[in-house]
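> Okay, here's the prediction I keep looking at, along with the sequence it came from:
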Amino acid sequence: MSVEIKVPQLPESVADATLVAWHCKPGDAVRRDDNLVDLETDKVVLEVPCPTNGIIKEINVTDGATVTSGQILALLEESETVAAIDSPSAPAAAALEQSAIMPETAAPAVAQPEPAPARGLRSSDAPRGSAFESEPRAFKMGPAVRKLVEEHDLDPALIEGTGKDGRIIKADVLNYIASRSQTNVGLDDAAPPLTTGAPGALAPARREQRVAMTRLRSRIAERLVQAQQTAAMLTTFNEVDMSEVIALRRQFRDQFLQRHGIKLGFMSFFIRATTEALRACPLLNASVDGSDIVYHEYFDIGIAVSTDRGLLVPVLREAGLMSFAEIEHAIDDFGKRARSGEIGMEELIGGTFTITNGGVFGSLMSTPILNPPQSGILGMHKIQERPVVVDGEVCVRPMMYLALTYDHRIIDGREAVQFLVHLKERLEHPARLLLQV
């Protein structure tokens, strides 16, 4: 019986998706829950799992096409024999034997790529000692990492995964590529001819590469331009002495790690201080809807996370009710899943205020852009020791510049400055965060 492979139901805020890449072709044997194809939306990459065991009969949509909810992508012919395979078929076994045994007299002048594993085979189907021994771990990759592996024609079984449960992350792939480039020199690595300055000498090739924007990057560009065109954005600055926060972290970091199983970072202090400042300045937590101002009586804080595909902003729901440990665990989870492409679309929707930390990249000062329809975004920056005057004396303190970009249509300079002052007071005296004063 034929089974239709369809685009899953997309959220109301997402009209369509782009088909990024198929992981199978007609005639391939596939198993239930195998990832058949990646779909990229404005926010995340979705995996379309195989609904049952069978053989891919036909593929109706090619890579790069735009698809909508419910659209038929492919047809699958159900086959119970796929699940019952305990040993490779004759052609597959021949391919395995050919890949595992190379005649000594047939050494080619240029190394050829290893044949890809046959579809529908498990690691137990392959001979001991073959490259397929580590095949199950090869599937522990997010869509973005899998795409990088495919683009460079790499064998995932040869890449050591350092992520959770042996998951292969982007850094593992890049490190593997770097190590190969140091030991292998291909035909394309030949040095260009040197120019001597003589008339008629050949100049080095001037190369260009044109690459289409990913759907996520296009969406980011669209939203940033939208923010510039629709909001009256203005940025105001302040600076905060981080001495007390640093001292508190140093004093309790070991106990915090032992008790909660995670390190105590700066973001939990900033998120707690931000929610307290938003209570005092509710306009910064509001949004514009036509001619109305919508006041949000909850604090859903967006945390900007940089990934290889672009900037994602997962939302920390009800941040004002969370403990320091809960915040740290949530942020750590966001970072890991965002970089491996596993953030759910529902986790990127909503948000009443955003925090972005350019300090992790060394930024000393910047003017962040609003995340519509929000009215405020806080920019954190690098902590740097600077001379400051305290009680009439010059001393060196660890200082951080804070930048608040806000929508001047509903927020005046007074509210923006007051927000930063509230934030500064709570970070310079972190005991106030616990006492809520």
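Received, thanks.

> Low-confidence ranges, the stretch 101-250 of the chain, go.
By pLDDT under 70, the low-scoring segments of the stretch 101-250 of the chain are 101-140, 143-144, 164, 180-204.

> how far does the longest helix seen in the chain sit from the chain's center?
The residue-count maximum for a helix in the chain (DSSP state H) belongs to helix 243-260. Relative to the centre of its chain, helix 243-260 is centred 28 Å away, using C-alpha atoms, centre = their mean, to the nearest Å.

> Report the angle between the helix or strand just after it and helix 243-260.
Note on helix 243-260: by DSSP states H and E, the next helix or strand toward the C-terminus is helix 267-280. On the basis of axes from the mean of the first three to the mean of the last three C-alpha atoms, to 10 degrees, helix 267-280 is oriented at 120 degrees to helix 243-260.

> Near residue 207, how many other residues are there?
5 (other C-beta atoms under 10 Å). Glycine gets a C-beta too; all of them are placed from N, C-alpha and C.

> same question, residue 282
13.

> residue contacts, it?
residue 295 (C-beta atoms under 8 Å, 6 or more residues apart in numbering).

> right, and residue 383 touches residue 401 too?
No. With contact defined as C-beta atoms under 8 Å, residue 383 does not reach residue 401; the gap is 9.7 Å.

> So if I had to pick from the two, which one is more boxed in?
Between residue 383 and residue 401, residue 401 has the larger neighbour count (other C-beta under 10 Å), namely 21 against 17.

> Which strand residues bridge that one?
Residue 401 has the following beta-bridge partners by DSSP bridges: residue 239.

> Give the full set of residues in contact with it.
237, 238, 239, 364, 365, 381.

> what's the longest helix of the chain packed up against?
Counting by 3 or more C-beta pairs under 8 Å, 6 or more residues apart in numbering; DSSP states H and E, the packing neighbours recorded for helix 243-260 are helix 324-339, strand 393-407, helix 413-428.

> could you redo the last one with a cut-off of 10 Å?
helix 267-280, helix 324-339, strand 393-407, helix 413-428, helix 431-435 (3 or more C-beta pairs under 10 Å, 6 or more residues apart in numbering; DSSP states H and E).

> okay, the angle between it and helix 324-339?
80 degrees.

> contact partners of helix 243-260?
242, 262-266, 268-270, 273, 323-326, 328-329, 383, 390, 395, 397-400, 426-431, 433 (C-beta atoms under 10 Å, 6 or more residues apart in numbering).

> buried ones in that helix?
By neighbour count with 16 or more other C-beta atoms under 10 Å, helix 243-260 contains the buried residues 245, 248, 249, 256.

> mind giving me JSON lines with these and columns for distance to residue 149?
Shown next, in JSON lines, are the buried residues of helix 243-260 (distance: C-beta to C-beta, whole Å):
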{"residue": "245", "distance to residue 149": "40"}
{"residue": "248", "distance to residue 149": "43"}
{"residue": "249", "distance to residue 149": "38"}
{"residue": "256", "distance to residue 149": "37"}
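
> which residues do residue 383 and residue 401 both contact?
240, 359.

> Which elements pack onto the helix or strand containing residue 75?
Here residue 75 is covered by strand 72-78, with elements defined by DSSP H and E. Strand 72-78 sits against strand 2-6, strand 17-22, strand 35-40, strand 54-59, with contacts defined as 3+ C-beta pairs under 10 Å, 6+ apart.
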